[in-house]
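Q: quick one: sequence plus predicted model below, questions after.
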Amino acid sequence: GENVEQHPSTLSVQEGDSAVIKCTYSDSASNYFPWYKQELGKGPQLIIDIRSNVGEKKDQRIAVTLNKTAKHFSLHITETQPEDSAVYFCAAIFSYNTDKLIFGTGTRLQVFP
Amino acid sequence: GAGVSQSPSNKVTEKGKDVELRCDPISGHTALYWYRQSLGQGLEFLIYFQGNSAPDKSGLPSDRFSAERTGGSVSTLTIQRTQQEDSAVYLCASSLPTDTQYFGPGTRLTVL
């Protein structure tokens, strides 16, 4: 069935270090993979997304890579800052089944000064 | 411009009561989604509206849950005879067709 697995569930890094969060998905027909950042008491905010015709996308300190063969995608944050601390969710759209997003279980990132 | 708005921001109700949660999508967005986020959990899809098409209700957990979208804009999620397990944050998102989904701040529902 439709499933997105996300690891790790928690991640602690020192300010300035890099952080990597990984997700795998079950359906090879999936074609859109967004990443959301959720701060306490707020709704998820899109930070970057990638479509299946692209292997990598970068936006300043944030990058996403996609490996369609292995059915996994990763979020990379470089030069982390304390304001990067939040819960990050990966998601995938299973295109044959409307545009609903299937979310991973989230990664709580803590960046220590 | 204005983002997705939801009301109320918080709702406390007693078990067995009905509740209505409202979502105002971004103007011009034809797609609207409802998700549920239980404490410390990921987001669970509930229902999806796209234009005048029949909604995808495949995520609704029981027949106590229903949703409407009037005039292709505002949506209301109704939970009848609320149970304690309905306590969660209910999130609404909107988008253009097959485009990025933008989320509202959510409604935190507490059922006592």
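A: Received the coordinates, thanks.
Q: give me the nearest residue to the residue in chain A that chain B sits nearest to, chain neighbours excluded.
A: Nearest residue of chain A to chain B, counting by CB to the nearest CB: A:Gly43, 3.8 Å away. (C-beta placed from N, C-alpha, C; glycine too.) Sequence neighbours aside, B:Phe103 is the residue nearest to A:Gly43 in space, at 3.8 Å (criterion: CB to CB, 6 or more residues apart in numbering or on different chains).
Q: neighbours of B:Pro97, how many?
A: Residues within reach of B:Pro97, counting by other CB atoms under 10 Å in any protein chain shown, total 10.
Q: what do you get for A:Gln38?
A: Residues contacting A:Gln38 under the criterion other CB under 10 Å number 20.
Q: and A:Ala91, by the same measure?
A: As a burial measure, A:Ala91 scores 26 neighbours (other CB under 10 Å).
Q: so which helix or strand takes in it?
A: Taking DSSP states H and E as the definition, A:Ala91 sits inside strand A:86-93.
Q: ok, that strand: who's next to it in the sheet?
A: Strand pairing for strand A:86-93, using DSSP bridges, gives strand A:32-38 (antiparallel), strand A:101-103 (antiparallel), strand A:107-112 (antiparallel).
Q: now those as CSV including mean pLDDT?
A: Shown next, in CSV, are the strands paired with strand A:86-93 (pLDDT from 0 to 100):
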stretch, mean pLDDT
strand A:32-38, 95
strand A:101-103, 90
strand A:107-112, 96
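Q: I'd like these laid out as a markdown table, including distance to B:Leu77.
A: Listed next are these as a markdown table, based on distance: least, CB to CB, whole Å:
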| stretch | distance to B:Leu77 |
| --- | --- |
| strand A:32-38 | 20 |
| strand A:101-103 | 17 |
| strand A:107-112 | 27 |
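Q: what lies in contact with the strand holding A:Ala91?
A: Under the criterion CB atoms under 8 Å, 6 or more residues apart in numbering or on different chains, residues A:4, A:6, A:21, A:23, A:25, A:27, A:30-40, A:44, A:47, A:73, A:75, A:99-104, A:106-109, B:42-43 lie in contact with strand A:86-93.
Q: make a ChimeraX selection of whichever of those turn out to be buried.
A: Selection of buried members from the contacts of strand A:86-93 for ChimeraX, criterion 16 or more other CB atoms under 10 Å in any protein chain shown:
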select /A:4,6,21,23,25,27,30,31,32,33,34,35,36,37,38,44,47,73,75,99,100,101,102,103,104,106,107,109 /B:42,43
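Q: out of the helices and strands in chain B, which is least certain?
A: One helix or strand of chain B scores below all others by mean pLDDT, DSSP states H and E: strand B:43-50, with a mean of 92.
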